[in-house]
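In: Pasting a predicted model and its sequence here:
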Amino acid sequence: TKQQSLLFQIDYPEISDNIVPKHRFMSGFEQHVEAPDRRWQYLLFAAEPYETISFKIPSREVDKSEGKFWTYYNTETKQFFLQFAFKLESNKYSGDHSSSNARSYGPPPPAPPSSLRG
């Protein structure tokens, strides 16, 4: 599909047994650490007793269709996984893909192992 995707693995070794990590996407205009920039959004992860962490990612639409967006929390290893793909930008990928402006990102990553699907 030529979609770009990101996979995050966050380790929470000190997390309590009754806590499940949470995540959310934040617009570049919601945050107050850097000057607002429409090119970026932030992916936040939170779980007590840890401070919230964030990752700066391109401000592109996320594909939340089945198999393109998933999370999994392993209660034994206390690891939280989140993977998502960006939706294709129609103006970037339509038409002739052999032009010098088209970028090749290689094949898409494999689907997560069945043990990680939640």
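Out: Noted; the coordinates are in hand.
In: Model confidence for E48, exactly?
Out: Looking at E48, its pLDDT stands at 95.
In: can you pull the contacts of it?
Out: Taking Cβ atoms under 8 Å, 6 or more residues apart in numbering as the contact definition, E48 lies against I15, S16, I19. The way it works is simple: take the backbone N, C-alpha and C, and place the C-beta from them, glycine included.
In: Counting neighbours, which of the residues you listed comes out on top?
Out: Among those, I15 has the most neighbours (other Cβ atoms under 10 Å), with 19 neighbours.
In: ok, back up a step: what's the lowest-pLDDT member of the contacts of E48?
Out: Lowest confidence among those: S16, with 93.
In: show me the contacts for that one.
Out: By Cβ under 8 Å, 6+ apart, the contact list for S16 reads E48, P49.
In: A helix includes it, no?
Out: No - for S16, which was evaluated using DSSP: H, G, I helix; E, B strand; the rest coil, the result is coil, with no helix membership.
In: The nearest residue to E34 once chain neighbours are set aside: how many residues sit nearby?
Out: Of all residues not flanking E34 in the chain, G28 sits nearest, at 7.7 Å (Cβ to Cβ, 6 or more residues apart in numbering). When counting by other Cβ under 10 Å, one arrives at 16 neighbours for G28.
In: where along this structure do the strands fall?
Out: If DSSP state E is used as the criterion, the strands of the chain fall at 5-11, 22-27, 40-46, 53-58, 62-63, 69-74, 79-86.
In: Distance check, P13 against P49.
Out: Distance from P13 to P49, counting by Cβ to Cβ, to the nearest Å: 11 Å.
In: ok so, going back, want to try TSV for the strands of the chain, with distance to V33 as columns?
Out: Compiled in TSV, the strands of the chain are given as follows (distance: least, Cβ to Cβ, whole Å):
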stretch	distance to V33
strand 5-11	19
strand 22-27	11
strand 40-46	9
strand 53-58	9
strand 62-63	21
strand 69-74	25
strand 79-86	21
